[in-house]
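In: this one's sequence-less:
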């Protein structure tokens, strides 16, 4: 028996319907698979290849297709350090509507990164309950246009174009001249955009820096306070869409980074924000939007008036609240130094357990670790629930008060025999310099003697 597949003969094919069907396919992989299923379908495609390809490109990218196509064509043409007036325009899709194989390959390559960044942006800036994008069509379009314009800016004036600005044997005078020219060209690029478009780019740039800074340590805030380090500038200088790689694998994936390069830092320091802000100031606009003013791109924030369920602070807004659906953002590659700083006393330097504790952190996702802490709740936290939305301060307090207990529980699950408790518990100094003492007694416990434990800050 089994299923029988009947070949589709051209006499049964309505060419108009097939063409319409092909135009609605979501991506080029589906298009390639579909036209290979039947010679009749392939023949219909061959009658309308340009319009079908253009429609599928729009389905893949959306309304930001003109910006995306401008980026890939300028990048592929290596239009490095050109004035904005000499670049292809966003209307190039009307002037040259035929998409080449290079156009398609490049669009497919970058669209995945942009879509993943959109989901991350939505998760952090609109709806903390969902990892997939909840942006409206208008919000999504604004985000993607900003991302493709930033990617174009990087492709034309960023690291890949650096060799066009100066040579390896350039002297200081030539470097200074090239830097001034680069600043003029970059400012000219942003000067061609409207103020609302600049605000969209400014907000997306701040978001991207926050994602990069997340790799520095434990992140309990929507936008970490120290986001203008050289590493974040350098990633944007290389390619803004590569921030998704940093999110997944850490800064080590940016192999071009070399902290010893002193000359190039002049070209990438505040790569985007400096010329953009300069244009805003020239327009008598505020360099940064006031905190009280509505943020760009997002029309509505879900749960905008939510507060911490424990302290009820009015100073912490909804996007800075943490719960089971966004614990996973706290870290990808565990920032071991930052997490060990949340341990009480000196137990983070315990000679017997430190290596195993760090190894356990490396293999435990953030959402699993934070959720696991609730399995060891102390009586003082009896009213706290795993589903609570907590502000950064309350979450940090909860982690600090339970991290050592959680680790002791993991040792028990591993089958370790837990020795008697040290009188001084996690506040014992001897555990940090006498291995025999660290091995003989358990220090992942409350002290019953000695001074109050120090606070790690």
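Out: Received the coordinates, thanks. None of these values were measured; they are calculated from a predicted model.

In: every contact and neighbour count from this point should use C-alpha atoms.
Out: Will do.

In: now the closest residue to residue 54 other than its chain neighbours: how far from residue 52?
Out: Residue nearest to residue 54 in three dimensions, not counting chain neighbours: residue 99, with 6.9 Å by C-alpha to C-alpha, 6 or more residues apart in numbering. According to C-alpha to C-alpha, to the nearest Å, residue 99 stands 10 Å off from residue 52.

In: so for those two, which sits in the more crowded spot?
Out: residue 52 (21 against 17; other C-alpha atoms under 10 Å).

In: list the contacts of the nearest residue to the more buried one once chain neighbours are set aside.
Out: For residue 52, ignoring the flanking residues on the chain, the nearest one in space by C-alpha to C-alpha, 6+ apart is residue 23 at 5.1 Å. Under the criterion of C-alpha atoms under 8 Å, 6 or more residues apart in numbering, the contact partners of residue 23 comprise 51-53, 55-56.

In: how near is residue 23 to residue 119?
Out: 25 Å.

In: please verify my assumption that residue 307 contacts residue 322.
Out: No. The criterion here is C-alpha atoms under 8 Å, and residue 307 misses it with residue 322 at 10.5 Å.

In: shared neighbours, the two?
Out: Jointly contacting residue 307 and residue 322 under the rule C-alpha under 8 Å, 6+ apart are 389-391.

In: in a markdown table, list these along with neighbour count.
Out: Formatted as a markdown table, these follow (neighbours: other C-alpha atoms under 10 Å):
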| residue | neighbour count |
| --- | --- |
| 389 | 23 |
| 390 | 25 |
| 391 | 26 |
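
In: between these, which sits nearest residue 303?
Out: Nearest to residue 303 among those is residue 389, at 11.0 Å by C-alpha to C-alpha.

In: state the pLDDT value of that closest one.
Out: At residue 389, the model reports a pLDDT of 95.

In: repeat that for residue 262.
Out: For residue 262, the predicted pLDDT is 56.

In: use 24 as the first number for this chain going forward.
Out: Sure thing, new numbering starts at 24, so read that last one as residue 285.

In: need the helices for the stretch 374-480 of the chain, in chain order.
Out: 377-385, 389-396, 415-437, 458-463 (DSSP state H, counting those that start in this stretch).

In: and the third one with helix 377-385, angle?
Out: For the pair helix 415-437 and helix 377-385, the angle between their directions (axes from the mean of the first three to the mean of the last three C-alpha atoms, to 10 degrees) equals 110 degrees.

In: contact partners of helix 415-437?
Out: 243-244, 333-334, 343-345, 365-367, 380, 393, 395-396, 399-401, 441, 467-468.

In: generate a PyMOL selection restricted to the buried entries among those residues.
Out: Buried residues within the contacts of helix 415-437, by 16 or more other C-alpha atoms under 10 Å, are selected in PyMOL with:
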select buried, resi 243+244+343+344+345+365+366+367+380+393+395+396+399+400+467+468
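
In: mind checking which of the contacts of helix 415-437 land in strands?
Out: Using DSSP state E, no member of the contacts of helix 415-437 falls in strands.

In: what about the residue nearest to residue 87 when sequence neighbours are not counted, which SS state?
Out: The shortest distance from residue 87 to any non-neighbouring residue, by C-alpha to C-alpha, 6+ apart, is to residue 168 (5.3 Å). Classification of residue 168 using DSSP: H, G, I helix; E, B strand; the rest coil returns helix.

In: residue 168: neighbour count?
Out: Using other C-alpha under 10 Å: residue 168 sits among 20 other residues.

In: dump the residue contacts of it.
Out: Residue 168 neighbours (C-alpha under 8 Å, 6+ apart): 87, 90-91.

In: which of these has the most neighbours?
Out: Going by other C-alpha under 10 Å, residue 91 tops these with 26 neighbours.

In: mind checking how far residue 66 is from residue 37?
Out: 12 Å.

In: likewise for residue 288?
Out: 60 Å.

In: so for the two, which sits in the more crowded spot?
Out: residue 288 (16 against 12).

In: how far away is that one from residue 423?
Out: Distance, residue 288 to residue 423, by C-alpha to C-alpha: 38 Å.

In: before we move on, what's the pLDDT of the residue nearest to residue 87?
Out: Residue 168 is given a pLDDT of 98.

In: ditto for the one 4 residues further on
Out: At residue 172 the predicted local distance difference test score is 98.

In: over to residue 276?
Out: pLDDT, residue 276: 79.

In: look through the protein and tell me its longest helix.
Out: helix 124-148 (DSSP state H).

In: packing partners of that helix?
Out: helix 72-84, helix 88-99, helix 160-180, helix 266-272 (3 or more C-alpha pairs under 8 Å, 6 or more residues apart in numbering; DSSP states H and E).

In: closest to residue 235 out of those?
Out: Per C-alpha to C-alpha, nearest to residue 235 of these: helix 266-272, 6.5 Å.

In: what comes up buried for whichever helix or strand comes after the closest one?
Out: As assigned by DSSP states H and E, the chain's next helix or strand after helix 266-272 is helix 288-291. Using 16+ other C-alpha under 10 Å as the burial criterion, the residues of helix 288-291 that qualify are 288, 290-291.

In: for residue 312, state which of these is nearest.
Out: residue 291 (23.6 Å).

In: wouldn't that closest one be in contact with residue 260 here?
Out: Yes. Assessed by C-alpha under 8 Å, residue 291 is found in contact with residue 260 at 5.7 Å.

In: what do those two both touch?
Out: Counting by C-alpha under 8 Å, 6+ apart, the residues touching both residue 291 and residue 260 are 181-182.

In: how about stretch 309-327: buried residues?
Out: Neighbour-count burial for stretch 309-327 [16+ other C-alpha under 10 Å]: 310, 318-321, 324.

In: same deal with stretch 411-431?
Out: 411-415, 417-418, 421-431.

In: repeat for stretch 203-222
Out: So for stretch 203-222, counting by 16+ other C-alpha under 10 Å, buried means 205-206, 208-214, 218, 220-222.

In: over to stretch 118-127?
Out: Buried-residue list, stretch 118-127, by 16+ other C-alpha under 10 Å: 122, 126-127.

In: can I get those residues in TSV including distance to residue 102 and pLDDT?
Out: Below are those laid out as TSV (distance: C-alpha to C-alpha, whole Å; pLDDT from 0 to 100):
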residue	distance to residue 102	pLDDT
122	18	94
126	15	95
127	19	95
